[in-house]
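>>> Take a look and give me a structure for this.
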Amino acid sequence: MRVELIAIIFMLAAGTGIAVFVAAATAMAKAEQERAAPSHSAMPAPERDRIAASLLVQILLAGGLSPDEAMREVRRRAGIAAPVTPGIDVCNWAEAFARVTNAQQRASLLESAVQLAAARAQPVPLGQYAALLDLSFGLGFQTDALAKLRTVYGFEYVDHAKDARPREADRSGGSVTLFARDTRPADQLLAVLGLSGTPTRQGIITAYRRLAAQHHPDRYYEQPADVQSGAAARFIEITRAYEQLMSIYRE
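So this is what the prediction gives:
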């Protein structure tokens, strides 16, 4: 009887020890995960403001403002008076901003950029719209987010390679706008992006980003007008196809 009692006590003690060990290990693993996970507060607010201000200034520079004018606009309209880093890559810096902010802060930055672009009450150049696309993607949004804001703030589009003819830049010289929905069948839209079959949304996004990078207006800035025009036409064609495909394939 005494041996059995001792065995039971030993088993209870061992079970308690194992439970304590498992609990401690779980707590340690959770703490390690929390340390490794990105924190919205990990970057000081002044540094986040510097990234935001630099991005907004770059958007305005793409629209033709001088650096001094762009900084004044960001301070006056966006209320950000942080130092600015010149010559940044919009997409990379937007990704850095996204890593240390929440969804509301990211949406607010994108809307501020659209407000600043639309505030001049004149058509937005293709290069500036492309910069807005880079910002939207870098922040983790898709093209539809930018298209919706464009509708809210009502800014026009202009392709300077087509002699500043507003919102018309298709290959045939007709009147095809960047923001119009493409009504062609899905298989034809997929072919525009070099896809076929039944792709995933991620596959569509990947194909679009690859082609958009190839035909990005910044790559043709100093090229002859006909080269700029061809690149702009292709950029618009793939963007319109992408927007429509994203509304068709909703995983």
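>>> got the contact list for the residue lying closest to Leu146 once chain neighbours are set aside?
Leaving aside its sequence neighbours, Leu146 sits nearest to Ser136 (C-beta to C-beta, 6 or more residues apart in numbering; 4.6 Å). (Glycine included, C-beta is placed from N, CA and C.) By C-beta atoms under 8 Å, 6 or more residues apart in numbering, the contact set of Ser136 is Ala94, Leu110, Gln142, Thr143, Ala145, Leu146.
>>> all strands for the stretch 151-251 of the chain, in order.
Per DSSP state E, counting those that start in this stretch, the stretch 151-251 of the chain carries strands over the ranges 157-159, 165-166.
>>> Tell me which residues are up against stretch 203-221.
Contacts for stretch 203-221 (C-beta under 8 Å, 6+ apart): 126-127, 130, 133, 137, 142, 161, 193-195, 199, 227-228, 231-232, 234-235, 238-239, 242, 245-246, 249.
>>> redo that, cut-off 6 Å
Residues outside stretch 203-221 that contact it (C-beta atoms under 6 Å, 6 or more residues apart in numbering): 126-127, 130, 193-195, 227-228, 231, 234-235, 238, 242, 245.
>>> Mind checking which of those are in helices?
Among those, the members falling in helices (DSSP state H) are Leu126, Gly127, Ala130, Val227, Gln228, Ala231, Arg234, Phe235, Ile238, Tyr242, Leu245.
>>> Farthest pair within those?
By the measure C-beta to C-beta, Val227 and Leu245 form the most distant pair in the ones in helices among the contacts of stretch 203-221, at 27.1 Å.
>>> Could you check which of those two has the larger neighbour count?
Set side by side, Val227 and Leu245 show more neighbours around Leu245, with 23 against 13, by other C-beta atoms under 10 Å.
>>> wait, doesn't that one sit right on Leu189?
Yes: shown here, Leu245 and Leu189 form a contact pair, counting by C-beta atoms under 6 Å, at 5.2 Å.
>>> hang on, the earlier thing: I'd like to know which of the contacts of stretch 203-221 is nearest to Val84.
Nearest to Val84 among the contacts of stretch 203-221, counting by C-beta to C-beta, is Gly127 at 19.0 Å.
>>> still on that earlier bit, just the buried ones from the contacts of stretch 203-221?
Among these, the ones that count as buried by 16 or more other C-beta atoms under 10 Å are Leu126, Gly127, Ala130, Leu193, Leu195, Gln228, Ala231, Arg234, Phe235, Ile238, Tyr242, Leu245.
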